[in-house]
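Trainee: Quick one, structure for this:
(one chain, ligands or ions: 1)
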Amino acid sequence: MHSSAVGKGGRGVSETLLKIDAAERIFGGGKTLFGSPLPAVHALRGVSIEVQRGETLGIVGESGCGKSTLARILVGLDQPTCGAITYDGEDLCALARADGRQLARKIQYVFQDPLASLNPRKTIRAILEAPLVHLLGMDKPARQSRVEELMQAVNLAPEFLERYPHEFSGGQAQRIGIARALAADPELIVLDEPVSALDVSVQAQVLNILDDLKQRFNLTYLFISHDLSVVESVSDRVAVLYFGKLAEVGPARSVFSAPRHPYTHLLLQSAPAPGRKPTAVENAETELPDPYNPPPGCAFHARCPRRSNLCLQSEPPLEPSPIDDRHFAACHHPHGRTS
Ligand SMILES: Nc1ncnc2c1ncn2[C@@H]1O[C@H](COP(=O)(O)OP(=O)(O)OP(=O)(O)O)[C@@H](O)[C@H]1O
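Mentor: You can find the predicted model right below:
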């Protein structure tokens with residue numbers, strides 16, 4: 001669909017930049033002042049995944065599966081309840097606690113709603129200069145040329161620097177959000193639904209810019225989206241999250257052409273396609289487990305056409321495919337039911 005290929009093609013790089021090990025995030029819980037228990041939501045339930053330097057890892061899943069929780073943890077806006085996250089060998093949470101600015105120089109975030117993420121009372125120049133001052137301590141003359149470079153990098157004229165966010169279209173505003181994320185020269189950018197709010201034609205432009213920037217600045221992307229066609233077009237690898245857990249992860253080509261988890265099948269069947277209405281997930285979404293009362297066994301069992309007694313009793317581990325050790329699925333019946 002899109003001509004862009006943010007990170008597609010792989011560069012044969014295999015240096016681990018980010019390592020997430022058994023990350024859990026529980027919201028709520030504990031007790032009220034009067035001692036009654038508060039409900040708890042297990043937003044991430046033991047997520048383990050690595051991101052290689054230079055790759056684009058796509059993360060897909062329905063609303064509520066934990067995508068944004070993971071993204072917020074990676075940029076230091078939240079902390080996991082337990083588990084370990086290392087960035088380039090350093091403890092990411094310790095880094096976030098000790099010096100948020102160091103973390104912000106390495107990992108940046110691009111928000112879904114471009115206009116809402118830009119301060120309406122500041123000019124674009126002030127918006128782009130803020131990270132240069134706060135993260136890099138850059139002086140005025142250096143800032144002047146850097147903001148012009150940043151505008152050029154996202155194909156916007158430097159004349160726009162004195163304008164305010166409301167004077168831009170959604171696509172232009174997202175390009176400004178991307179320029180701001182680039183300002184401190186990060187290595188990893190977490191793109192949280194970066195084109196979901198844009199028209200399809202504008203999406204392609206923004207994806208092309210992201211692809212170009214990735215090549216030019218050796219960036220690594222974590223690309224979060226519920227739009228499978230976008231994720232397929234941009235990702236080297238794809239992780240499918242379901243109810244706070246990884247259901248499947250592997251090279252994009254394998255996950256999309258030969259999905260092993262029935263949830264990935266369901267997502268693919270439900271994706272909008274010419275002549276087909278997206279209904280399956282919309283219908284099935286009403287069957288998502290109650291986050292306050294998770295089911296036993298595999299969290300997907302109530303929706304799963306392959307379920308067996310085993311699925312009702314035990315959670316399947318994430319295991320590699322016998323024919324591709326980079327393609328993992330957490331399913332007791334990844335090849336369908338044999339009995
Ligand atoms: N601050 C919070 N307090 C309580 N529950 C939360 C909080 N943040 C997220 N959750 C819950 O954690 C789960 C995962 O939410 P999250 O926003 O990470 O999902 P998501 O996949 O990003 O969804 P969406 O695509 O709708 O943003 C959901 O059940 C959500 O209600």
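Trainee: For stretch 235-246, measure first residue to last.
Mentor: 17 Å (C-alpha to C-alpha, to the nearest Å).
Trainee: and if you look at stretch 25-37?
Mentor: 18 Å.
Trainee: Can you point out the buried residues in that stretch?
Mentor: The neighbour-count check on stretch 25-37 (16 or more other C-beta atoms under 10 Å) flags 25-26 as buried. No exception for glycine: its C-beta is placed from N, CA and C like everyone else's.
Trainee: Touching it from outside, list them.
Mentor: Stretch 25-37 is contacted from outside by 38-44, 66, 69, 73, 78, 80-81, 244, using C-beta atoms under 8 Å, 6 or more residues apart in numbering.
Trainee: right, is it up against the ligand?
Mentor: Yes: counting by C-beta under 6 Å from any ligand atom, contacts between stretch 25-37 and the ligand involve 27-28.
Trainee: State the helix or strand in which the residue of the stretch 151-300 of the chain found nearest the ligand lies.
Mentor: Residue nearest to the ligand within the stretch 151-300 of the chain: Pro291 (4.0 Å; C-beta to the nearest ligand atom). Taking DSSP states H and E as the definition, Pro291 sits outside all helices and strands.
Trainee: Can you tell me which residues in the stretch 201-339 of the chain are near the ligand?
Mentor: For the stretch 201-339 of the chain, the residues in contact with the ligand (C-beta under 6 Å from any ligand atom) are Pro291.
Trainee: where along the stretch 201-339 of the chain do the strands fall?
Mentor: 220-224, 237-242, 245-251, 319-320, 328-329 (DSSP state E, counting those that start in this stretch).
Trainee: in the chain, which spans are helices?
Mentor: Assigned by DSSP state H, the helices in the chain fall at 67-74, 92-98, 100-106, 124-134, 140-153, 170-182, 200-217, 228-234, 252-257, 262-270, 280-285, 309-313.
Trainee: For the first one, output the C-alpha coordinates as CSV.
Mentor: Put plainly, it is helix 67-74. The C-alpha coordinates for helix 67-74 follow below in CSV (Å, rounded to 0.1, in the frame of the first residue of the first chain):
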residue,chain,number,x,y,z
LYS,A,67,1.3,-1.2,23.4
SER,A,68,1.3,2.3,24.9
THR,A,69,2.2,1.0,28.4
LEU,A,70,5.3,-0.5,26.8
ALA,A,71,6.1,2.6,24.9
ARG,A,72,5.7,4.9,27.9
ILE,A,73,8.1,2.7,29.9
LEU,A,74,10.7,2.8,27.2
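Trainee: quick one, it and strand 220-224 angle?
Mentor: 150 degrees (axes from the mean of the first three to the mean of the last three C-alpha atoms, to 10 degrees).
Trainee: Now do helix 67-74 against strand 237-242, angle only.
Mentor: Orientation check (the same axes, to 10 degrees): helix 67-74 against strand 237-242 gives 120 degrees.
Trainee: Touching helix 67-74 from outside, list them.
Mentor: Helix 67-74 has contacts (C-beta under 8 Å, 6+ apart) with 18, 20, 23, 25, 43-44, 47, 59-61, 78-80, 85, 92-93, 107, 109, 188, 190, 192, 222, 224, 226, 241, 244.
Trainee: count of neighbours near Gly137?
Mentor: When neighbours are defined as other C-beta atoms under 10 Å, Gly137 has 9 of them.
Trainee: typo on my end, it should be Asp236
Mentor: 24.
Trainee: Okay, and the beta partners of the residue nearest the centre of the chain?
Mentor: In the chain, the C-alpha closest to the average C-alpha coordinate belongs to Ile224, at a distance of 2.8 Å (C-alpha atoms, centre = their mean). Beta-bridge partners for Ile224, by DSSP bridges, are Ile59, Asp192.
Trainee: which residues does it contact?
Mentor: Applying C-beta under 8 Å, 6+ apart, the residues near Ile224 are 58-60, 67-68, 70-71, 190-193.
Trainee: Next one: it from Val230, what distance?
Mentor: For Ile224, the distance to Val230 equals 10 Å [C-beta to C-beta, to the nearest Å].
Trainee: what's the closest of the helices of the chain to His327?
Mentor: Nearest to His327 among the helices of the chain is helix 252-257 (4.8 Å), distances taken as C-beta to C-beta.
Trainee: What residues sit buried inside the closest one?
Mentor: Using 16+ other C-beta under 10 Å as the burial criterion, the residues of helix 252-257 that qualify are 252, 254-256.
Trainee: Can you list the low-confidence ranges for the stretch 1-150 of the chain?
Mentor: The stretch 1-150 of the chain contains residues with pLDDT under 70 at 1-14.
Trainee: which parts of it sit against the ligand?
Mentor: When proximity is defined by C-beta under 6 Å from any ligand atom, the stretch 1-150 of the chain lies next to the ligand at 27-28, 41, 43, 61, 63-69.
Trainee: Mind checking which of the residues you listed are in strands?
Mentor: 27-28, 41, 43 (DSSP state E).
Trainee: farthest pair in those?
Mentor: Spatial extent of those (C-beta to C-beta) is set by the pair Gly28 and Ala43 at 9.9 Å.
Trainee: In the sheet, which residues pair with Arg45? Tell me.
Mentor: Here Arg45 sits in beta bridges with Glu24, as judged by DSSP bridges.
Trainee: Gln215 versus that one, what's the distance?
Mentor: Separation of Arg45 from Gln215 (C-beta to C-beta): 35 Å.
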